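1. Give me a 3D structure for the following:
(chains A, B and C)
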Amino acid sequence: MEKVKLTIDQKAVEVPKGTTILKAARTVGIEIPTLCYMHLEDLNIEHKPGGCRVCVVEVQGRKNLAPSCATEVSEGMIVNTHSIRVLNARKTVLELILSDHPKDCLICPKSGNCELQDLAIKMGIREIPYQDIAEMSTYRTDFSPAIIRDMNKCIMCRRCETMCNEFQTVGALSAINRGFMSVVAPAFEMDLEDSVCTYCGQCVAVCPTGALTEVDHTNRLIRDLANPAKTVIVQTAPAVRAALGEMFDLEPGTLVTGKMVAALRRLGFKYVFDTDFAADLTILEEGSELLDRLTRHLNGDKSVKLPILTSCCPGWVNFFESQFTDLLDIPSTARSPQQMFGSIAKTYFADKIDVKREDLIVVSIMPCLAKKYECTRDEFKVNGNPDVDYSISTRELGNLIKQANIDFHSLPDEEFDLPLGESTGAGVIFGATGGVIEAAVRTAYELFTKKTLDSVDFNELRGMDGIREATIDFAGTPINIGIAHGLGRARKLLEDIRNGKSHYHAIEIMACPGGCIGGGGQPLHHGNFEILKKRMEAIYREDQNKPIRKSHENPYIIKLYEEFLGKPLSDKSHKLLHTHYVDKRKKIIYI
Amino acid sequence: MSEYRIHLLVCGGTGCLSQSSHAVAESLIHEIKQQGLSDIAQVVSTGCFGLCEHGPVVKIIPDNTYYTHVKAEDAVEIVEEHVVKGRKVQRLLFKDPKTDKIITEPGELEAYKKQIRIALRNCGVVNPENIDEYIVRRGYEALGKVLAEMDPHQTIDIIKKSGLRGRGGGGFSTGLKWELTAINEADRKYVVCNADEGDPGAFMDRSILEGDPHSVIEAMAICGYCTGAGEGLVYIRAEYPLAIERLKTAIKQARNYGLLGKNIFGSDFSFDIDLRYGAGAFVCGEETALIHSMEGKRGEPTMKPPFPSVAGYLGKPTTVNNVETFANVPPIILNGHEWFSSIGTEKSKGTKVFALAGKVNNVGLIEVPMGITLREVIFEIGGGIKGGKKFKAVQTGGPSGGCLTEKHLDIPIDYDNLIAAGSMMGSGGMIVMDEDDCMVDMAKFFLEFTVDESCGKCAPCRIGNKRLFELLEKITKGNGVPEDIDRLVNLGNVIKDTSLCGLGQSSPNPVISMIRNFPDEYKAHVTDKKCPSGVCKALMVYEIIPENCVGCTACARACPVGAITGERKEVHTIDTSLCIKCGACMDRCKFNAVIVK
Amino acid sequence: MTKIKNMADLKKLKEQLQSDIKTEGKNVRPESLVHVKIAMATCSIASGSRETMNYLVDELEKRNIDAVVTQTGCMGYCYAEPTVEVTLPGKEPVVYGYVDHHKADEIIEKYIKNGILLEGIIPVNYRKIDD
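-> Residues are numbered from 1 along each chain as shown, chains lettered A, B, ... in the order given. Next comes the predicted model:
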């Protein structure tokens, strides 16, 4: 590759042609501050709009300062990254940004975790000029069930736009208005709730300030736990245990299942259950649905819709409900594990412990922001009482444990409660991309072929590639499986289906990169796939360590069917464990 | 028909009027009557000849005699000698100041050389909705010539040698721009005409499209041939409905003649043009923002490189030129680069169209050769300052340019001189200011525009211009402190230094240049809390001069807030704490007793 | 409509047009007629040039004057809109400014009919390419 020689801060640098000044400087240990710039290397996203102008540097012979994030090096270039001219400009620009930013750091949800705050500290800003005259650009705060948009704190870095439009192809957010009043918002400044937003939370995950944050239920949870009239139980999603440790400075990929259970018990939950149990239940329902459609298809029934699409991911459900409304009859009707858990908890389990539905509070710990929305959906309420009362994110749980002064590291490993805490390895792998379909294959194979699998590890379904496919031999019947994570990739598979070009029998889709382990509610990974890969390894390790690794062998699931549901796809199952999809475009307001 | 055999045209322009040309006309009429010539000679007063320095001017037709510096008492001689005897009055004849040669033909007049119409050659001459009239005036000959006789390389070479530079403000070599697109291999390429004219008060592009749309169409086709593009797009603001209509008509007519479409002039070259409408955002005049807007994206700029010549519309190599630039192309092809480069200065060739506006007598659309001075433009073509007021400053380059003063009046106008003087050519707005204009207020006016028109993408432009505006507002409201001037300059310079595109890189120019050229006026605002031009209301104080006041009570009766008190026939006084500075008292006073301080 | 397929076609068309400008379907010899051009740019129209044009077209017809009235683009004299250029057969064009109905009436009666120049002529103050 062609090399370019240049000088940065008197240091000789040699980098490949096409390198930016910012990256060239990093090769010799010169760190140029940035703000709007974002590089999610493994997602192949380099966001460099050149908007904040914090990373400007002086290039000899150039009239004005150059944004180092977006300026490529050239032969013989002489760059000065911290000259007085640069410092004055950089500081002035930062002061300008701060002059249009609320000064409520004391109570801001991002305080301590805010890139703007960090930069202000680094640049030694001790006063904000223009205070005497500065009008602020203010906007109405937009509360949705999952995400809060406080655009007074938006600095127009536009990272959220890149995630929403380029990576997820959702198109809910874009810059609107001009000049001083320009801001990122849904079209016509409508509420997020009325837009095509899927609540995948990828925007929240990249927002450098407190402009985009999750709806925080921590205080509500503390109040409920403090209320003796309520029985508060909790379910924890598989991906949480693989990432929660990072909140306590443990290495990414550290499995903290036992400590998490112990912490939840100390926080006062009456029962600590596992969403993995409901994942096993999902497999039985969804797997049976797959088998049903497959068998009918193989028998020549032309009315059967294939491929079947998984439906555990609420971000994904929102996506097809607003963007692929012609395909609403394709996804499995099985509810997500979170909702199956809630439904069973507030019927089967509530009866068992003799607690009235209204007095049972079901909380979920999720790696996800869309789950916060999902549990508010009307389909998942009985007489207005939700099956899952509310969902808190991995981040919120981590903070709550800290607030409660629980020394996470010294906690003993504890077990989940029974019966809704028992799960198989198949339930665990729901947390990683490809996991749901692998779990489904483990069960569907055995139910379809009536044979026992030699090995339950389907390595061909695992990995981090955006779109993957594999053909599984169901004893002579080849079953084609597609997998996508990230909605932009999902769109490709969906468009193939729409155009009749899809050859898959089943497709698993997760809205977030890596699946739930990279969810919008997880400790921030900043696009570093090494972290995601370690979380993924942890998930498969947990699976490996489970004595039972096939959902249909979960004894408490078997018992649940015997005692309560009858069999998969029974009338009761349909009522409690399945759902229907709505055309959300009808809800979206087009002005 | 008329029995008049001789007409005496007396200039009635403001310049000549101020030198009593009306008296000249009256004397001439009187003299003609005296001589009994009323049936054969007619005296007519006219608009400005553009010879203001030599006024009053009288032109005699049919023999095209120009008399200059004519006085009323000269009437006798003119009538007796010229009208009666047909002998020219030698001492009054207009002589070329340099050669001393007597001038009779308008073409020889220095004043007429002040304007030469190249880009505007057909405006006001042809019917823009009739392609035939364009063809009669050598229309599409340049395209035909290029296709028949020249290869793209040769054509680009002519444009390069002509020295034509972008008329939209950038001043980049047009030929070089074409070459940069031509050398990029691609399956598709585009030619884009930037008709997103946005400077307040500028309307040359609109005038060209409305008056001579075919010149732009022809030039775009030539550009397409040179760069290898088969499609042309005109990005035009939707607020120009007439220009859009005429352009559409012109495109249709050109297609009907086969001058657009497949195999033009029987060659292998095919080219067609489509329109794209802009919503009128100023920033979309910036070429990358324009391209994004055409693509249906938010109209905001992106970093260059990549330049549009490499990756433009839909990622394909694209040449973006302004309307006026295109309008210059056909005459260059027809008359040769030597002809074009003989006009203008060393580095800026040809002419520039200006929209002359503000406090000048002859507001208008003018086309002048590069190298003309501001003095010639303002005082001769423009006929001087309205109402005989004193010239104060002129803003070139619109809200992105700077203000120039008395001391810049004799600088030859070209791209580089204007930049050296702290302003820029811009797209050709020229706003003249007189002694009544306040330089703080004017800076605020221009900034208000850029604050509104910033796209909001980069922080310095989005927030910085707003803060500049707020600082100026603070000063005009009388709350300024001396440090505010330093703040304006530092902030302005950082905005220029750090902004993403040309909008932010130039938006502080008006305020910075006005502070530089009128430091005392700014100081007066922040230190003495006075607005010397009497524009900033908050800084004005109305007072009654006791010596002039007769106590008529007219002012007290006119005051809407009861701030004026005084007994009849006694001196009145204004309570400044109540005064809202509406000026009603001043208007009402017949004795010049009310003054503003 | 005829297609122009080469330079010879263009030249032929130009020559034909020069002697024979098409106006509203009827072929007329331009030299023998009064030519009236009205600036019809946006700013002209805003100043009332459309009304002026309609008036001139109607009145010239009513008063039985053989004239060709055409629109054109901006003449550059913004301060004096609406502007009208009148060319009498065999004479130099004359530009009048501020042409309202009253002025238009004067133009017809005095200048077009009798060749009497009116007050307020706008002298041409620029060179053309071919000058």
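
2. Residue B:546 - how many residues pack around it?
-> Residues near residue B:546, counting by other Cβ atoms under 10 Å in any protein chain shown, number 11. Every residue, glycine included, has its C-beta placed from N, CA and C.

3. That one contacts residue B:570, correct?
-> No. The pair residue B:546 and residue B:570 does not pass the contact test of Cβ atoms under 8 Å, sitting 9.7 Å apart.

4. and for these two, which residues touch both?
-> The overlap between the contact sets of residue B:546 and residue B:570 (Cβ atoms under 8 Å, 6 or more residues apart in numbering or on different chains) is empty.

5. Tell me where the longest helix sits in chain A.
-> Ordering each helix of chain A by length in residues (DSSP state H) puts helix A:275-298 first.

6. which parts of it are buried?
-> Of the residues in helix A:275-298, those buried under the neighbour-count criterion (16 or more other Cβ atoms under 10 Å in any protein chain shown) are A:275-291, A:293-294, A:297.

7. Next: stretch A:419-433.
-> Within stretch A:419-433, the residues scored as buried using 16+ other Cβ under 10 Å are A:419-433.

8. In helices only, show me those.
-> When these are checked against helices (DSSP H), the matches are A:425-428.

9. which one among the residues you listed gets closest to residue B:486?
-> residue A:428 (64.6 Å; Cβ to Cβ).

10. Just the pLDDT for that closest one.
-> For residue A:428, the model assigns a pLDDT of 95.

11. Likewise for residue A:132?
-> 81.

12. And for the one 5 residues further on?
-> Model confidence at residue A:137, given as pLDDT, is 92.

13. phi, psi of it?
-> Torsion angles at residue A:137 (phi, psi; degrees, to the nearest 10) stand at phi -90, psi 110.

14. Low-confidence stretches in chain A?
-> Within chain A, the set of residues satisfying pLDDT under 70 comprises A:587-591.

15. mind listing what the residue sitting nearest the centre point of it touches?
-> Computing the C-alpha centroid of chain A and ranking residues by Cα atoms, centre = their mean puts residue A:519 first, at 2.0 Å. Residues counted as contacts of residue A:519 (Cβ under 8 Å, 6+ apart) are A:201, A:239, A:366-369, A:394, A:512.

16. List only buried entries from those.
-> Listed as buried from those are A:201, A:239, A:366-369, A:394, A:512; burial here means 16+ other Cβ under 10 Å.

17. In the stretch 101-250 of chain B, where is pLDDT below threshold?
-> B:104-113.

18. Show me where chain C dips below the pLDDT cut-off.
-> Low-confidence regions of chain C, defined here as pLDDT under 70, cover residues C:1, C:20-31, C:130-131.

19. What are the boundaries of the strands in it?
-> For chain C, strands defined by DSSP state E occupy the ranges C:22-23, C:26-27, C:34-39, C:67-72, C:84-87, C:94-96, C:121-122, C:127-128.

20. Residue A:198 is in contact with residue A:369, correct?
-> No. With contacts defined as Cβ under 8 Å, residue A:369 does not count as touching residue A:198, sitting 9.7 Å away.

21. Near residue 302, how many other residues are there?
-> Defaulting to chain A. 6.

22. ah, no, chain B please
-> As a burial measure, residue B:302 scores 20 neighbours (other Cβ under 10 Å).

23. near chain C, which of the buried residues of stretch A:419-433 show up?
-> Within the set of these, contact with chain C (Cβ under 8 Å from any Cβ of the partner chain) is found for no member.

24. mind checking the SS state of residue B:297?
-> Going by DSSP: H, G, I helix; E, B strand; the rest coil, the secondary structure assigned to residue B:297 is coil.
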